[in-house]
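**Student:** dropping the sequence and predicted coords here.
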Amino acid sequence: MTTNIINDKNKNKPWTEQHKTRFIWLFNYLKTINPNLNISDYIDKNKRLLSGLIDKNKDWSDSSKEGLYFMISRYLFNKNNSDRYVKIYSKLGFNLMKMKENKEGKNELDEKEKINYRPYKYFLEVSENTPDNDNIIKHYQKLLLGMLIFNPPLRTSFYSSCKLLNKHADNNKKDNYIYFNNRGKIHTYFIINKDKVSNYKLYNINKEFNKIEIKNDLLNNYLYNSFEKYPRQFLFEVNKKKVNNETLLKWLRDITKIETINFSIMRVIYVTWFYENNKTYGARDDLSHKMRHSQATASKNYLKIIDKTDTEEEQEQQEKPEINFKCIQQIEELKNKLTAYEKNKDDIKAYNKKRYDTIYISNKKGTAPKESTILKYNIKIKDGIYY
């Protein structure tokens, strides 16, 4: 399957990795609606309908829609630059871009952010009230949250691609790494060789920006102990395979109990909290380098002026401190226990039998169960043995 679909006569419009990603993303979504689509011509055959499908999708942000519109315009241009839909989709993308710029200039929460925004202290409570345990998925969830609140949060793709670097000499300058220097006090570093801005002039000239030291001792120790407890190649992996962005997003939503939160909103929350507590240009500039964007981008896109009316959740936490994450967690646990109690005996027997059979077959045949199966049946692994 290829996404490098460009007419030889029109090479002046680059078809970048970002275009390819959006091209595949849109195709995969449309396949759920029409399984008979062909990736080689799905835009050509549906260009009259795509704008309506994208516009009506309530799960996509305006930024995502903007990117899809511009991708379709670029695709059509590189196929036939006289196609009238080139300008149509370019105009749709431009309109969303200007609308987004006008909103960002006011530093206000958009509708999706209002639903998902929580004050920084909420996530501290989540972390403090979530004990570590022998369930590797739960362990990963707490680890992921720690990296988003105790260190300037990076984009999702870094966490899903990051792998352990044992020796500096093994840095291939292509992959993203986590590196531990445990001579005396543990020092932990993120090494970023590939991300959205790795080809920008700023990061090409200033190579030191590509190596980020984690300053928080709690997170340092948790990361180091994580690799000691669960030896692995990737920062996040299940069955010796790295996890994808969608899995990380699900883990974030599971641990925070916020149904539609995402990594971009976590960056908003961190920048807003940091700017409230750090007023100097130097501190904010240092943060921008660690988050891999400019200070202007942080001030415009991520800094939000929070009014009490912007989010009912924040107001409730200020007026009723007893309503916190611990209460939410206890409620969820009680709901789970009630659900389990209300299940009839046959369902419980079937569940237990399926869990037993999965563990037995995996251990006997040496096969690895799917990630979804591990989550569903709460299966654990130690020393290569499932239990």
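**Tutor:** Noted; the coordinates are in hand.

**Student:** tell me how many other residues surround residue 25.
**Tutor:** For residue 25, the neighbour count with other CB atoms under 10 Å is 15. Bear in mind the C-beta positions are built from the backbone N, C-alpha and C, glycine included.

**Student:** give me the nearest residue to it, chain neighbours excluded.
**Tutor:** Once flanking residues are discounted, residue 25 sits nearest to residue 68: 7.9 Å by CB to CB, 6 or more residues apart in numbering.

**Student:** mind listing the helices for the stretch 1-150 of the chain?
**Tutor:** Using DSSP state H, counting those that start in this stretch, the helices of the stretch 1-150 of the chain run over 17-33, 42-46, 50-56, 62-79, 84-104, 111-116, 120-128, 136-149.

**Student:** who does the longest one touch, helix- and strand-wise?
**Tutor:** With contacts defined as 3 or more CB pairs under 8 Å, 6 or more residues apart in numbering; DSSP states H and E, the secondary structure elements packing on helix 84-104 are helix 50-56, helix 62-79.

**Student:** ok, now the shortest one?
**Tutor:** Here helix 42-46 touches helix 17-33, helix 62-79, going by 3+ CB pairs under 8 Å, 6+ apart.

**Student:** out of the helices and strands packed on helix 84-104, deepest packed?
**Tutor:** helix 62-79 (a mean of 21; mean count of other CB atoms under 10 Å).

**Student:** got the angle for it vs helix 84-104?
**Tutor:** Relative orientation of helix 62-79 versus helix 84-104 (axes from the mean of the first three to the mean of the last three CA atoms, to 10 degrees): 150 degrees.

**Student:** report the angle between helix 62-79 and helix 17-33.
**Tutor:** Using the same axes, to 10 degrees: helix 62-79 against helix 17-33 is 100 degrees.

**Student:** what sits up against helix 62-79?
**Tutor:** With contacts defined as CB atoms under 8 Å, 6 or more residues apart in numbering, helix 62-79 is touched by 5-7, 10, 13, 15, 18-19, 22-23, 25-26, 43-44, 47, 50-51, 54-55, 57, 60, 83, 85-90, 92-93, 96-97, 99-100, 110.

**Student:** so for that helix, mean pLDDT?
**Tutor:** Helix 62-79 carries an average pLDDT of 92.

**Student:** next one: stretch 283-293
**Tutor:** Rounded mean pLDDT across stretch 283-293 is 82.

**Student:** now swap in stretch 173-189 and tell me
**Tutor:** The average pLDDT within stretch 173-189 is 90.

**Student:** quote the end-to-end distance of it.
**Tutor:** With CA to CA, to the nearest Å as the measure, the ends of stretch 173-189 fall 15 Å from one another.

**Student:** likewise stretch 271-284?
**Tutor:** Stretch 271-284: ends 9 Å apart by CA to CA.

**Student:** could you give me the buried positions within that stretch?
**Tutor:** Within stretch 271-284, the residues scored as buried using 16 or more other CB atoms under 10 Å are 271-275, 284.

**Student:** stretch 119-136 too?
**Tutor:** So, applying 16+ other CB under 10 Å, buried residues of stretch 119-136: 119, 122-123, 125-127, 130, 136.

**Student:** and those as TSV, adding pLDDT?
**Tutor:** Listed next are the buried residues of stretch 119-136 as TSV, based on pLDDT from 0 to 100:
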residue	pLDDT
119	91
122	94
123	95
125	94
126	94
127	93
130	91
136	93
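
**Student:** please report how far residue 22 lies from residue 100.
**Tutor:** To residue 100, residue 22 is 16 Å away according to CB to CB, to the nearest Å.

**Student:** those two: who's more crowded?
**Tutor:** Here residue 22 and residue 100 are compared on neighbour count by other CB under 10 Å; more neighbours surround residue 22, at 21 against 17.

**Student:** please name the nearest non-neighbouring residue to that one.
**Tutor:** residue 71 (4.2 Å).

**Student:** who's in contact with the closest residue in space to residue 256 that isn't next to it in sequence?
**Tutor:** Among residues not flanking residue 256 along the chain, residue 126 sits closest, at 5.8 Å (CB to CB, 6+ apart). Residue 126 sits next to 145, 255-257, 325 when contact means CB under 8 Å, 6+ apart.

**Student:** ok, of these, which one's closest to residue 210?
**Tutor:** Using CB to CB, residue 145 comes nearest to residue 210 of these, at 24.5 Å.

**Student:** run a quick neighbour tally on that closest one.
**Tutor:** For residue 145, the neighbour count with other CB under 10 Å is 20.

**Student:** look up how far residue 256 lies from it.
**Tutor:** Distance, residue 145 to residue 256, by CB to CB: 7 Å.

**Student:** which residues do these two both contact?
**Tutor:** Contact with both residue 145 and residue 256 is made by residues 123, 126, according to CB under 8 Å, 6+ apart.

**Student:** which stretches in this structure count as strands?
**Tutor:** For the chain, applying DSSP state E gives strands covering 163-165, 177-181, 187-191, 211-214, 237-238, 241-242, 381-382, 385-386.

**Student:** excluding its backbone neighbours, what's nearest residue 31?
**Tutor:** Of all residues not flanking residue 31 in the chain, residue 37 sits nearest, at 5.6 Å (CB to CB, 6+ apart).

**Student:** now do the same for that neighbour: its pLDDT.
**Tutor:** pLDDT, residue 37: 92.
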